[in-house]
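Colleague: Got a sequence here, can you model it:
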Amino acid sequence: MFDQYDEFFNNLMSLYAKMDQAYDEVAEAYDFHCSGCSDNCCLTRFFHHTLVEFLFLRKGFADLDEDVQEEIRIRAADVNEKVKQAEDSGNVPRIMCPLNINGLCVLYEYRPMICRLHGIPHEFAHPIKNKILGPGCHEFEAQCNKKEYMAFNRTPFYQQMALIERRIREKIGINDKFKKTVAQMLVSTLETNLDNIL
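Modeller: Coordinates of the predicted model:
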């Protein structure tokens, strides 16, 4: 099912490797260690906007044992329901990602870009707003708040991701916007124009 996307997945994995290396180098320079804090980033509601990462995550999910898949589907449906309840009550949802089981991501090698880049301060060259600076996570602030900022530029990663995304969309013939959390990626019904790609 996913073989037709191998070229894009290979490009994506190469990009992920560059992200991981750059992140690790900057984190090491800060002497920052992500070790599962109480404000776990897996509790953060990240939206993902790339079709290629959705397909790659679903590929990893399809390779899991069927019993694990079923457990994750149940967890994802529960997360989606709890998020809806929180939003309906006017609260900000802080609910564990359904892929985090016993403190570990069961699809760690397939995790999307934002899961890889979150945590340390960064910058991004916006085409209109010029340079945008982003803060580190709470754990980073606790460990490294007195340290001088070290440049971590996400721009080339975003640009390369955009290129991969454009090419896979051209292949598939999809122009629809994509915006889903990991939990939504795992269980929600796909938009009509995406139904024929899985």
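Colleague: For residue 98, grab the count of nearby residues.
Modeller: Residue 98 sits with 24 neighbouring residues when counted by other Cβ atoms under 10 Å. The way it works is simple: take the backbone N, C-alpha and C, and place the C-beta from them, glycine included.
Colleague: is it true that it touches residue 75?
Modeller: Yes: judged on Cβ atoms under 8 Å, residue 98 makes contact with residue 75 at a distance of 3.7 Å.
Colleague: Quick check: neighbours shared by those two?
Modeller: Taking Cβ atoms under 8 Å, 6 or more residues apart in numbering as the contact criterion, the common neighbours of residue 98 and residue 75 are residue 183.
Colleague: so where is the protein shaky, pLDDT-wise?
Modeller: Across the chain, the ranges flagged by pLDDT under 70 are 36-39, 188-198.
Colleague: Pick out the residue closest to the middle of it.
Modeller: Nearest to the mean C-alpha position of the chain, counting by Cα atoms, centre = their mean, stands residue 112 at 3.1 Å.
Colleague: can you pull the contacts of that one?
Modeller: With contacts defined as Cβ under 8 Å, 6+ apart, residue 112 is in contact with 46, 48, 50, 53, 57, 182.
Colleague: Backbone dihedrals for it, both of them.
Modeller: According to degrees, to the nearest 10, the main-chain angles of residue 112 amount to phi -70, psi 170.
Colleague: State the distance from it to residue 11.
Modeller: Separation of residue 112 from residue 11 (Cβ to Cβ, to the nearest Å): 15 Å.
Colleague: Check residue 51 too.
Modeller: Using Cβ to Cβ, which is the criterion applied here, residue 51 is 14 Å from residue 11.
Colleague: quick one, which of the two is more surrounded?
Modeller: residue 51 (21 against 17).
Colleague: Which residue, other than its chain neighbours, is closest to the more buried one?
Modeller: When the adjacent residues along the chain are set aside, residue 51 lies closest to residue 178, with 5.2 Å between them (Cβ to Cβ, 6 or more residues apart in numbering).
Colleague: Tally up the residues packed near the one you found, please.
Modeller: When neighbours are counted by other Cβ under 10 Å, residue 178 registers 19.
Colleague: Checking my notes, it in a helix, right?
Modeller: No: with the criterion set as DSSP: H, G, I helix; E, B strand; the rest coil, the secondary structure at residue 178 is coil rather than a helix.
Colleague: who's in contact with it?
Modeller: 48-51, 54 are the contacts of residue 178 under Cβ under 8 Å, 6+ apart.
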